[in-house]
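>>> could you work out the structure for the sequence below:
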Amino acid sequence: MSSNASLVAKALTKSFGPQLVLDAVTFTVAPGARIGIVAPNGTGKTTLLRLLAGLERPDSGAVERQPARATVGLLAQEPERRARETLAGFLSRRTGVRASEIELDLASIALAEAELDSEDRYSDALDAYLSLGGPDLEARIGEVLADVGLDPLLLSVEMTALSGGQAAKAALAALLLSRFDVFLLDEPTNDLDFAGIERLERFVTNLSAGCIVVSHDRAFLDKVVTSIIELDDNAHTAVEFRGGWAAYLKERATQRRHAEEQFDTYQARKDDLRKRSQRESEWAHKGVSKNAKSDESDKFIKQFNRASSEKVAAKAKRTDKMLQRLEVVEKPWEGWELRLEFNEAPRGGAVVARLVRAVVQRGDFKLGPIEIEIGHGERVCLVGPNGSGKTTLIAAMLGDIALDSGTRHVGPGIVFGTLDQRRSSFTGNGTLFELFASITGLDMSEARSLLAKFGLGASHISRSADTLSPGERTRAELARFVATGANCIVLDEPTNHLDLAAIEQLELALASFSGTVILVTHDRKMLDGLALTRRIEIADGKLMRDLAVSSGLL
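Model prediction:
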């Protein structure tokens, strides 16, 4: 795949009502560039991608495609599963081929009817259709489906009927089939298993097209990006750091240190001048008062004393002018930071959960028979390909789904704190505040205060849960953990939709939690950093391995 197209953002500014989101953001996506976009949740990353894709218009500034006919593809973080749309239709739509086919058909009609400029329109439509790989899309689909592990028989199945794992593979397949001139990827690693992430990494690193990636997967960024653009959540501007992820972390830390040193130097100089000015003013005032009260009859001595006082007063004025001319150095911005610490319930039984010969049948998928026991204080990670049954196994242990056969046991006093992939506690038409207060039992003041600590203020709590972003719903779920307490925490892909600072706080909170942790994640940095005790591998609904480990998995 070869592309010589560029995408240029020129002074992009965007507000939603009174809220400024982006302010004069400028950068270029050159051919072959792989740019990572990082910023806290709610800073404007997705808005920036939509502006670049032409799905929204900036308040000022412009996005230029060079050449103008270059194709730009946005693959959003939550692929829309449309009713009655088959997998084949989904792939055609996400690759841009379906839209180009429609335009080519319309251009053909216009050409046949000899409409004004119809020849140019048809030529542009044909070029777009060819560049997007429309003619051989069907021929390529079979190979790509095999690559990601999807049965070609699923092409006629509606997307809404696919499992979560199959939908994740479908989104990856759409990306691998795409032939855009510029790629805009919004959290592309979400819901992908290790094999899918590795396949995605190979695809992105081999692109000759320009690519922008919004991701909080630190290992993914470390492997694929050539530069980082950081959106400032205070100034709403953008700063680009050349080099990869490691270079960005080093340069950002260096810039922060220099900014703090410059501010400290400025503060020290300002304080020194203020003290000097005060001291010299006091001396001058005392000299004038002393001269006025003096009984000295010698006019030369009185003149000398008066001149000395005037000199001190002049020095005080010069010091004041130096203070006024001192170049102001602003204190480095310290934005809101999440401080996460899980509220632990009293310890329960020695056995947290046990499944004996457990079987769950969900349509064509069968989990089990499974034999598994989780003990107090264990830190267990469930790993396996998409669709292998990890989420089903968790639901069976929690009792969220009934067993078709076998038995389930939960120890006495066990209090589960769960975070599911769908963040399902906060969905529906009810407001965030209503749902949070109902779930936690907190009064109005306590609920507001706790939500605010998780960056969910007045503008969030009155909104219906369905309007919250994935990141906002995830922070609400973490706030629920703090409010309700647990002695067994169960996390299913917890880093999806969290920003980097929140992920680091989650890791710290898990490290200090003394209860039991059951974790499903494909965040390799998190797995490397946590002190795990067991690794349980699931494949095709079967427990393949149950291994004791002394540290991270990777």
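
>>> ranges for the strands of the stretch 151-300 of the chain?
182-186, 210-214, 227-231, 238-242 (DSSP state E, counting those that start in this stretch).

>>> including mean neighbour count, could those go into CSV?
The way it works is simple: take the backbone N, C-alpha and C, and place the C-beta from them, glycine included. Output for those, formatted as CSV (neighbours: other Cβ atoms under 10 Å):
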stretch, mean neighbour count
strand 182-186, 24
strand 210-214, 25
strand 227-231, 21
strand 238-242, 16
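
>>> dump those to a markdown table, plus mean pLDDT and distance to Pro135.
Listed next are these as a markdown table, based on pLDDT from 0 to 100; distance: least, Cβ to Cβ, whole Å:
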| stretch | mean pLDDT | distance to Pro135 |
| --- | --- | --- |
| strand 182-186 | 93 | 21 |
| strand 210-214 | 95 | 24 |
| strand 227-231 | 94 | 35 |
| strand 238-242 | 92 | 37 |
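
>>> can you tell which of these is closest to Val29?
strand 210-214 (3.9 Å; Cβ to Cβ).

>>> how far does the closest one sit from its chain's centre?
14 Å (Cα atoms, centre = their mean, to the nearest Å).

>>> quick one, that strand and strand 227-231 angle?
Angle of strand 210-214 versus strand 227-231, following axes from the mean of the first three to the mean of the last three Cα atoms, to 10 degrees, is 50 degrees.

>>> please name every helix or strand in contact with strand 210-214.
For strand 210-214, the packing partners by 3 or more Cβ pairs under 8 Å, 6 or more residues apart in numbering; DSSP states H and E come out as strand 19-29, strand 34-38, helix 45-53, strand 182-186, helix 218-224.

>>> list the contacts for the most centrally placed residue in the chain?
Residue closest to the average C-alpha location in the chain (Cα atoms, centre = their mean): Asp499, at 3.8 Å. Asp499 is in contact with 38-41, 216, 471, counting by Cβ atoms under 8 Å, 6 or more residues apart in numbering.

>>> any chance of the strands of the stretch 151-300 of the chain in CSV, with distance to Arg57 too?
Formatted as CSV, the strands of the stretch 151-300 of the chain follow (distance: least, Cβ to Cβ, whole Å):
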stretch, distance to Arg57
strand 182-186, 16
strand 210-214, 19
strand 227-231, 19
strand 238-242, 18
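
>>> so which of those strands gets nearest Ala171?
Nearest of the strands of the stretch 151-300 of the chain (Cβ to Cβ): strand 182-186, 10.4 Å.

>>> got a list of contacts for that closest one?
Applying Cβ under 8 Å, 6+ apart, the set of residues contacting strand 182-186 is 3, 5-7, 29, 45-46, 49, 52-53, 65, 70-77, 175, 204, 207, 209-215.

>>> just the buried ones from those?
When the contacts of strand 182-186 are checked for burial by 16 or more other Cβ atoms under 10 Å, the buried set is 3, 5-7, 29, 45-46, 49, 52-53, 65, 70-77, 175, 204, 207, 209-215.

>>> reformat the helices and strands packed on strand 210-214 as a markdown table; add distance to Arg82.
Shown next, in a markdown table, are the helices and strands packed on strand 210-214 (distance: least, Cβ to Cβ, whole Å):
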| stretch | distance to Arg82 |
| --- | --- |
| strand 19-29 | 28 |
| strand 34-38 | 27 |
| helix 45-53 | 19 |
| strand 182-186 | 18 |
| helix 218-224 | 28 |
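
>>> quick one: which of the ones you listed is nearest Asn343?
Using Cβ to Cβ, these put helix 218-224 closest to Asn343, at 27.3 Å.

>>> could you give the mean pLDDT of that closest one?
What helix 218-224 shows for mean pLDDT is 92.

>>> give the other helices and strands that the lengthiest helix in the chain contacts.
If you go by DSSP state H, the chain has its longest helix at helix 245-293. Other helices and strands packing on helix 245-293, by 3+ Cβ pairs under 8 Å, 6+ apart, are strand 34-38, helix 218-224, strand 227-231, strand 238-242, helix 299-325.

>>> let's go with 7 Å and repeat that
helix 218-224, strand 238-242, helix 299-325 (3 or more Cβ pairs under 7 Å, 6 or more residues apart in numbering; DSSP states H and E).

>>> quick check: mean pLDDT of that helix?
For helix 245-293, the per-residue pLDDT averages 78.

>>> for it, the distance to its chain's centre please.
Centroid separation for helix 245-293 versus its chain: 39 Å, with Cα atoms, centre = their mean.

>>> equivalent analysis for stretch 516-535, please.
19 Å.

>>> can you check stretch 508-527 too?
Worked out by Cα atoms, centre = their mean, stretch 508-527 lies 18 Å from the chain centre.

>>> other residues contacting it?
192-194, 197, 217-219, 340-342, 344, 352, 374, 376-382, 390-391, 394, 486-495, 507, 530, 552-554 (Cβ atoms under 7 Å, 6 or more residues apart in numbering).

>>> good, wrapping up.
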